[in-house]
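Got a predicted model here, sequence first, then my questions.
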Amino acid sequence: MGKTLSEKILSEKSGIDARAQDVVIAPVDLAFVQDTTGPLTIRQFQEISHSGLSNPQRTAIFLDHAIPSPNRQLSNDHQFLRRFAKETGCFIFEGGNGICHQLVAELFANPGDIILGADSHTVTAGALGAFATGMGSSDIAVALALGKTWFRVPESFKVTVSGKFQKGVCTKDLILHLVGTLGADGATYKALEFGGETVADMTVSQRLTIANMAVEVGAKVGLFASDNVTKKYLAAQGRGNKYKALSPDIDADYEQVIAINAAELEPLVAMPHAVDNVAPARTLAGVRIDQVFIGTCTNGRLEDLATAAAILKNKRSHPDVRLIIAPASRRVLTAAIRAGHIQSLISAGGTLLPPGCAACLGLHQGVLGDNEVCLSTANRNFKGRMGNPEASIYLASPATAAASAITGEITDPRKVI
Amino acid sequence: MPDVILKGKAFKFGDNVSTDLIIPGRYAHLRSNLPQLAKHVMEDADPTFVEKVKPGDFIIAGKNFGLGSSREHAPLLIKMAGVSAILAKSVARIFFRNAVNQGLPVLICDTDQIDAGDEMEVNLANGVVADLTKGIQLSFSKIPQVMLDILSEGGLIPYISKYGDFKL
């Protein structure tokens, strides 16, 4: 029997013939924390560490969730993380550089790597063929100290995508469809593997959106085989030498095979308060919105901003809608400025926030009022997520978000493009 | 090492209790001040939880408990509140690992028959959950060996402090 991507990566890294359900110990290529999980992780690390970081060059701290800091407590947490980075020589990315998952894609992740982050959306790097998964602070603390962790090798679901997306439909709609179909616990502990002719045509940016939301069905990883698209992306980031061919065996064993025809998909929305509560955007016409948030590790990349800018160019957002934009990284922001997207979005009434997590997790920069409704391009709409349990969050693609910003209600983007 | 016999009252929750309900992101500024943060545990799911919960009590949940964020503060604060174990139909992956790493047992069993306020007794050694109020017994799924080992040391940090490495 052949091997899935997970079995291949974990076999190579652990040095044993790893099969689903085995427990293996594997070395970690990168372990990282962000500013809201980092302080606890570092304190736990300090409890167990006798000889410092296993490898500072494989350790990174990202200040992205609360930047610039909204209060003294988080400022003090930032100081603590900066001091730790200075003392140990690990990487630290100051606020304004971008969201950890975007920076991991731009700077670190390679096919076949094992990446651990103290953040559930670490799965994002699966787009580049990295076995990347979120863990809590204890596990990351141990990975920082020992340079390794234990894994239960996951069973895998194969998701095969064929067909061409209709205009106005994108990979966000694809992953919302999958989350709606499988349910929020439909792939708990499993690996998702994405393949098929449509995947071969997807950009890395589009793959990152899909991999990012693998955790929303409970999955441990959302993996893509490496290919020419991966190769070109890595070369463009200055690490073409890190490319390696990685694909599952054709006789690999999958617990489930799910076929999706992209041509049959339409713009979708996840309704409050669950990511798997999915409905077509067209059925939600008339749902008034107070805030539109375009950004996050799910949909804050250049292509996402380009899509939104194309819809909002020479238009105005609805007077009752606050449109907020947060690029996923400084690199994205710079490219979006150069391409004129930021000009289009700002002229349409948008407020530009620094590259980072911004309004996504309810700390600052767009906390919702009582009974307010936000349409967001993020990955989670749990009750209270954006800082107020009395508010409601809908999730959609950048195209749906931009179209809805114009009309002030949830709008199928095919109506405006 | 957690006690083998756990005793307490049931606090019942539904399906899909997210980490945002357990400890919302809006309190991220308190994450380096655990006693303050602990005042808000389960606040958005049951605002009276913190006042009512007593040492030994149980969280009884439906499916997919703890979905969402990797914040280990979620099980950490539940444990700080005195909860001796979580009983759920299923639990999200990261939360499961985090709870075990905090030395907090998570037991998978059919929780439908358990009601809020029921007096419960859990025997970790023989895998039996007794609802003393109802006079019924339930069994819970076996915990993987690696997790039992971590749990029996009181969590991953004490485990690594003791052994210095994984002993699988």
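Looks like it came in fine.

drop to CA atoms for contacts and neighbour counts, all remaining ones
Fine.

mind listing what the most centrally placed residue in chain A touches?
Closest to where the C-alpha atoms of chain A average out (CA atoms, centre = their mean) is A:Asn212, at 3.4 Å. A:Asn212 sits next to A:121-125, A:222, A:297-298, A:379 when contact means CA atoms under 8 Å, 6 or more residues apart in numbering or on different chains.

and the residues you listed as TSV, adding secondary structure, neighbour count and distance to chain B?
Shown next, in TSV, are those (DSSP: H, G, I helix; E, B strand; the rest coil; neighbours: other CA atoms under 10 Å in any protein chain shown; distance: CA to the nearest CA, whole Å):
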residue	secondary structure	neighbour count	distance to chain B
A:His121	helix	27	8
A:Thr122	helix	32	10
A:Val123	helix	29	12
A:Thr124	helix	34	14
A:Ala125	helix	36	16
A:Gly222	strand	34	14
A:Cys297	helix	29	14
A:Thr298	helix	29	15
A:Asn379	coil	27	10
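
Show me where the stretch 101-250 of chain A has its helices.
A:137-146, A:171-182, A:197-200, A:204-212, A:228-236 (DSSP state H, counting those that start in this stretch).

mind giving me a markdown table with these and columns for mean pLDDT and distance to B:Ser32?
Shown next, in a markdown table, are the helices of the stretch 101-250 of chain A (pLDDT from 0 to 100; distance: least, CA to CA, whole Å):
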| stretch | mean pLDDT | distance to B:Ser32 |
| --- | --- | --- |
| helix A:137-146 | 98 | 13 |
| helix A:171-182 | 98 | 34 |
| helix A:197-200 | 98 | 42 |
| helix A:204-212 | 98 | 28 |
| helix A:228-236 | 98 | 37 |
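
For B:Met120, grab phi and psi.
Backbone torsions of B:Met120, given as degrees, to the nearest 10, read phi -120, psi 150.

Ignoring the adjacent residues along the chain, who's closest to residue 13?
You didn't say which chain, so I picked chain A. Spatial nearest neighbour of A:Lys13, chain neighbours left out: A:Ala26 (5.5 Å); criterion: CA to CA, 6 or more residues apart in numbering or on different chains.

My question was about chain B, not that one.
B:Ala61 (4.7 Å).

Tell me what that neighbour is bridged to.
With DSSP bridges as the criterion, the beta-bridge partners of B:Ala61 are B:Ala88.

Phi, psi for A:Ile325 please.
Dihedral pair for A:Ile325: phi -130, psi 130, per degrees, to the nearest 10.

Now do the contacts for residue 112.
In the absence of a named chain, this looks at chain A. Applying CA under 8 Å, 6+ apart to A:Gly112 gives the contacts A:9, A:129-131, A:244, A:246.

Chain B is the one I meant
B:Gly62.

that's a helix at it, yeah?
No. Using DSSP: H, G, I helix; E, B strand; the rest coil, the secondary structure at B:Asp112 is coil, not a helix.

For chain B, give me the ranges with low pLDDT.
For chain B, the stretches with pLDDT under 70 are B:1-2.

got the domain boundaries for chain A?
What the record gives for chain A is the domain set A:8-15+A:23-153, A:154-265, A:267-415, from automatic domain parsing.

In a markdown table, list the ones you listed along with distance to B:Lys52.
Listed next are the domains of chain A as a markdown table, based on distance: least, CA to CA, whole Å:
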| stretch | distance to B:Lys52 |
| --- | --- |
| domain A:8-15+A:23-153 | 27 |
| domain A:154-265 | 30 |
| domain A:267-415 | 21 |
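
of the ones you listed, which approaches B:Ala38 most closely?
domain A:8-15+A:23-153 (14.4 Å; CA to CA).

Checking A:Val292 next. Helix, strand or coil?
strand.

Give the helix, strand or coil label for B:Val122.
Assignment for B:Val122 (three-state DSSP): strand.

For the residue nearest to the centre of chain A, which non-adjacent residue is closest in space?
Nearest one to A:Asn212, counting by CA to CA, 6+ apart, is A:Thr124 at 3.9 Å.

Kindly provide the distance from the one you found to A:Lys220.
Between A:Thr124 and A:Lys220 the distance, using CA to CA, to the nearest Å, works out to 11 Å.

repeat for A:Leu107
A:Leu107 sits 22 Å away from A:Lys220, going by CA to CA.

more neighbours, these two?
Using other CA atoms under 10 Å in any protein chain shown as the criterion, A:Leu107 and A:Lys220 rank with A:Lys220 on top: 30 against 13.
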